[in-house]
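Asks: Fold the following for me, if possible:
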Amino acid sequence: MDEDVKGVGLGDQVTDQPPAAADVPPAAEAPAEGPQPSPEPAKPRKLLYLTLPGCWVGLIAGCLSFTPSLLPRGGITQGVVFGITAAIGYGLGVLGASIWRAFADRGPRPARPWAWRAFFIAGGVIYVISFGLGQYWQYLIRGLMGVTDYNIPYVIASPFIAALVFALILVIGRGIRGLFRWLAKLLNRWIGRRAARTTGWILVAGLTYVVISGVLLSGFISLMNKAYSVRDTTTAEGVSQPTTSLRSGGPGSLIPWDTLGYQGRNFIGKGPSVSDIEKFTGQSAMEPIRAYAGLASAPNAQARAALAVKDLERAGGFKRKYLAVVTTTGSGWVDPALVDSFEYLSGGDCATVAIQYSYLPSWISYLVDKDKASEAGRALFDAVYGAWVKQPADQRPKLLVSGESLGSFGGEAAFTGEASMANLAAGTLFAGPPNFNPLWTQFVTHRDPGSPEVEPIYQNGSIVRFANNASKSIPPSGQPWEGGRVLYLMHPSDPIVWWSPHLIFTKPDWISEPAGSDVLNGIIWMPFVTFWQVTADLPFSTGVPDGHGHRYSAEYVDGWNAVMQPAGITAQDLANLRVIISEVR
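Replies: Numbers count the residues shown, from 1 in each chain. Coordinates of the predicted model:
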């Protein structure tokens, strides 16, 4: 029976009747014995062949990527987003077609020539219209933010970049599929076909994960770590070792200058002078104190925090009116605008302390150093608070906490909620908090009913408040804000704040709400597409004018003024200081 059924196609009919005698070939007509020619081998499938359903869905998905996101996109960025989105759409189209064929119980059939012609004509029209609308939307976004850069050659190159990215993803995907089929065929020699396919899929998925996360990612992180560790031994042009004992690395300091790292030396070697502060205040000023410990200063976060506090105490930091604990970003960077604003508003009667926890910049630290950021933030605050609480109650400085971006994530680690923030510190200022900040997420999720996610109100603003532009308003107006104030600065257009993996499948509240002041009204949410759009915004979050994206420079002036509540500062003083800080680099 097996001999009879072998080779029957899907359309053949099989019966249980024996073949008629007439159908049996006579012995004389039997093929001669001997070697027979081997059948022609099946032609291998081309690596870049395309299917019509996949092309249609890929084209539509790619064209949807022209819709606006948070920041202006250049031609290269748009090309990359289009290529990624189109590749995802192509895969979904192929999957949908295979599901349809399964229900129809038929195999794949090549598309007819007229169908391909229709696709190229209609698809070309759809792409041109989408491209034109995309450029118009980008023009509107640039107008909202005052961006004047527009690189026409990059815009022209955008379709070619999109095609290259699409082809690269397609080749990688088909390479993985080819590996799966080869492995399943190999396993089928020893186990059943279904078991071989399942086992092969598990092995290939596991191998892909190991290669991406264990080999590629780890290798990339290791390479970046080495590169930035070398950079950490250098010093920026124009930065020199301080001659004052009021700064780490200076005379009498417990921390050697050459251990501070690149960003630590920038922090210590810059800042407003006494004469700069006096020119702003019109009164006599003090020289600010800055303490800092780099990765080379001590072996771990706790040791670096303890060393920095000792150096702070040596310099007299606990005898100043204000003391700010700043959690750095990944590479140990402290935003000069943040600290300079604090020092100007305090008349120099202040001290700032920070430590380094990584060589890597923030965008890489997001992936690998989040735990180090929280460890450093908690260790530094605990060390400072432990020394601060031992000071006479009537002589302690006002203890403040601050951080930007990943620094806000680390700064939050010292607290358990808004009550501990208010009880342990006199004020807290965080800017551009990432979407994964636990306390920020808690406050925003449990915001008062009716308040928008982009500028929420939490418990009527009694402790924690949020501001899109602190120079204009910090809602809720007219409500008491007593005790230790907590303020989050966050722009509606800041992708650091709004990026989340949940964007892939979940529509966030901020897209459903009226657009923020610097976000285009036309922004909509689409599965996969919006995620890749906002992801592409991340690397360019600081490449926009101040007051947009992840640029908070001048807004630290009004943020610190609201948190510190310094006496004698007028509206004109704040306006003048914004001009000064906007020029800080």
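Asks: where's residue 465, which helix or strand?
Replies: Per DSSP states H and E, residue 465 falls inside strand 464-467.
Asks: how about that strand: buried residues?
Replies: 464-467 (16 or more other CB atoms under 10 Å). Placement of C-beta: from N, CA and C, glycine included.
Asks: Rebuild these as JSON lines, extending it with pLDDT and distance to residue 578.
Replies: Shown next, in JSON lines, are the buried residues of strand 464-467 (pLDDT from 0 to 100; distance: CB to CB, whole Å):
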{"residue": "464", "pLDDT": "98", "distance to residue 578": "24"}
{"residue": "465", "pLDDT": "98", "distance to residue 578": "20"}
{"residue": "466", "pLDDT": "98", "distance to residue 578": "20"}
{"residue": "467", "pLDDT": "97", "distance to residue 578": "15"}
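Asks: picking up where we left off before, direction included, what does the strand holding residue 465 pair up with?
Replies: Neighbouring strands of strand 464-467 in its sheet, by DSSP bridges, are strand 485-489 (parallel).
Asks: Can I get the partner strand in PDB, CA atoms only?
Replies: C-alpha atoms of strand 485-489 as PDB (Å, rounded to 0.1, in the frame of the first residue of the first chain):
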ATOM      1  CA  ARG A 485       8.700  70.400  47.900                       C
ATOM      2  CA  VAL A 486       9.200  67.800  45.200                       C
ATOM      3  CA  LEU A 487       9.100  69.100  41.600                       C
ATOM      4  CA  TYR A 488       9.500  67.100  38.300                       C
ATOM      5  CA  LEU A 489      10.300  69.000  35.100                       C
END
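Asks: tell me the average confidence for whichever helix or strand comes after it?
Replies: With elements assigned by DSSP H and E, the helix or strand that comes after strand 485-489 is helix 495-498. For helix 495-498, the mean pLDDT works out to 95.
Asks: same check, this time on stretch 161-178
Replies: When pLDDT is averaged over stretch 161-178, the result is 92.
Asks: List the buried residues in that stretch.
Replies: 161-162, 165-166, 169-170.
Asks: Which strands or helices does the lengthiest helix in the chain pack on?
Replies: When the chain is parsed with DSSP state H, its longest helix is helix 152-187. Here helix 152-187 touches helix 52-64, helix 75-104, helix 113-145, helix 193-209, going by 3 or more CB pairs under 8 Å, 6 or more residues apart in numbering; DSSP states H and E.
Asks: show me where pLDDT drops low in the stretch 1-150 of the chain?
Replies: 1-48 (pLDDT under 70).
Asks: Who are the contact partners of residue 145?
Replies: Shown in contact with residue 145 (CB atoms under 8 Å, 6 or more residues apart in numbering): 71-72, 493, 518, 544-545, 548-549.
Asks: Please list the members of those that lie in helices.
Replies: Going by DSSP H, the helices hold none of the contacts of residue 145.
Asks: Name only those of those residues that count as buried.
Replies: Of those, these count as buried by 16+ other CB under 10 Å: 71-72, 493, 518, 544, 548-549.
Asks: Buried residues in stretch 413-426, which are they?
Replies: Result for stretch 413-426 [16+ other CB under 10 Å]: buried residues 413-415, 418, 421-422, 424-426.
Asks: which one among the residues you listed gets closest to residue 275?
Replies: residue 426 (28.2 Å; CB to CB).
Asks: For that closest one, give its distance to residue 334.
Replies: Per CB to CB, to the nearest Å, residue 426 is found 20 Å from residue 334.
Asks: got it, and residue 522?
Replies: Counting by CB to CB, the gap from residue 522 to residue 334 is 37 Å.
Asks: Of the two, which one has the most company?
Replies: Shown here are residue 522 and residue 334; by other CB atoms under 10 Å, residue 334 has more neighbours (26 against 13).
Asks: Show the contacting residues for the more buried one.
Replies: Here residue 334 is in contact with 263, 267, 326, 328, 352, 354, 407 (criterion: CB under 8 Å, 6+ apart).
Asks: per-residue pLDDT, the fifth one?
Replies: What the model reports as pLDDT for residue 352 is 98.
Asks: In space, what's closest to it - neighbours in sequence excluded?
Replies: residue 324 (4.7 Å; CB to CB, 6 or more residues apart in numbering).
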